[in-house]
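Student: Sequence and predicted model, in that order:
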Amino acid sequence: MPHIRKLNPTASPLDYFGSELRRYRESAGMSQGDLGDCIFCTGSLVGQIETAHKVPTREFAERADAALLTDGCFSRLVGLVLRSQLPTWFQPYADMEAKATYISTYQCQLVYGLLQTEEYARAVLATGRPDKLDELLAARMERQRILKRERPPLTLVVLDEAVLHRPIGGPEVMRKQLHHLLDLQDERWVRLQVLPFGVGEHVSLAGSFNLLRFDDDPDIVYTEDLISGHMTANPDTIREAALRYAGLQGAALSVEDSAELIKRVLEERYGQHTGPGQRPLA
């Protein structure tokens, strides 16, 4: 008889997910192979997730819910599981980001994480040579779900023009990423502006920062250094960050002119033609 690994459901969200998956599967009288057949994966993958050796995807969770008639149990759990895969130092910020009513961000190096395509995000995350790249990528994509909820945060983004020119992942990845930024013109709760090179010196030469605002909690400013992140609710820091963000918005191109600049970069730098009045094809 094969040895069945005992799980401690309280050890981590991943262990809890695995133990619940095993419990529901056994209650349904199904083997790992049976469940795998129902949700279009291998029994081995089911076993790896049950024993917390593999992180489930949201698709896996949704299919498991349908097959095991769980009333959405795994779909609710998987967000917690994926968030637990984020670096420990980043998890507190991700928790606050998910609760924010307003997000204001200035990014001088990269596209903001909530706006990254999967291919762009993979290229960014790979620079740190992580052991679990797929898990980190899934966690980053999970973060973006806050923009699709019924009441998403108002998200104001200022990107330095350098972000458009830095070829993260290569030309094809950048073409898809810039198309995605253009598609955000259709999102009511996202406003994207580009700070052009022509501005020269500006109020945030020191680097990127995020300002989070909430309905019932104090505002937070978040910054990162080489290996960690820092949050503060210090009123003086919040006031200074708000003033600097207003300065960045005032110096940046309008939303419409920013879109035209992105189109121009697509054509001139990445070889993607966009005719007058035309939206590029994804």
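Tutor: Here it is on my side, so go on.

Student: Can you point out the buried residues in stretch 45-57?
Tutor: When burial is assessed from 16 or more other CB atoms under 10 Å, stretch 45-57 yields the following buried residues: 45-52, 54-57. For glycine as for every other residue, the C-beta is placed from the backbone atoms N, C-alpha and C.

Student: first vs last residue of it, how far apart are they?
Tutor: Taking CA to CA, to the nearest Å, stretch 45-57 runs 11 Å from one end to the other.

Student: any chance you could map the helices in the stretch 51-200 of the chain?
Tutor: 58-68, 73-83, 91-99, 118-126, 133-143, 161-165, 171-183 (DSSP state H, counting those that start in this stretch).

Student: ok, which pair from the buried residues of stretch 45-57 is furthest apart?
Tutor: Maximum pairwise distance in these, criterion CB to CB, is 16.7 Å, between 51 and 57.

Student: Quick one, grab the pLDDT at the nearest residue to residue 40 once chain neighbours are set aside.
Tutor: Once flanking residues are discounted, residue 40 sits nearest to residue 63: 7.0 Å by CB to CB, 6 or more residues apart in numbering. Per-residue pLDDT puts residue 63 at 96.

Student: who touches residue 63 in this structure?
Tutor: Residues counted as contacts of residue 63 (CB atoms under 8 Å, 6 or more residues apart in numbering) are 38-40.

Student: Are any of those residues buried, and if so which?
Tutor: The buried subset of the contacts of residue 63 - by 16+ other CB under 10 Å - is 38-39.

Student: Which strands or helices does the strand or helix carrying residue 46 pack on?
Tutor: Assigned by DSSP states H and E, residue 46 falls within helix 43-50. Packing partners of helix 43-50 (3 or more CB pairs under 8 Å, 6 or more residues apart in numbering; DSSP states H and E): helix 13-27, helix 32-38.

Student: orientation of that helix relative to helix 73-83 in degrees?
Tutor: 70 degrees (axes from the mean of the first three to the mean of the last three CA atoms, to 10 degrees).

Student: average model confidence for helix 43-50?
Tutor: Computed over helix 43-50, the mean pLDDT rounds to 95.

Student: residue ranges with poor pLDDT in this protein?
Tutor: 1-5, 272-282 (pLDDT under 70).

Student: For the nearest residue to residue 207 once chain neighbours are set aside, grab the count of nearby residues.
Tutor: Spatially, and ignoring its direct neighbours in sequence, residue 207 is nearest to residue 108 (6.1 Å; CB to CB, 6+ apart). The number of residues packed near residue 108 is 18, by other CB atoms under 10 Å.

Student: any idea how far residue 194 is from residue 108?
Tutor: Distance of residue 108 to residue 194, computed by CB to CB, to the nearest Å: 12 Å.
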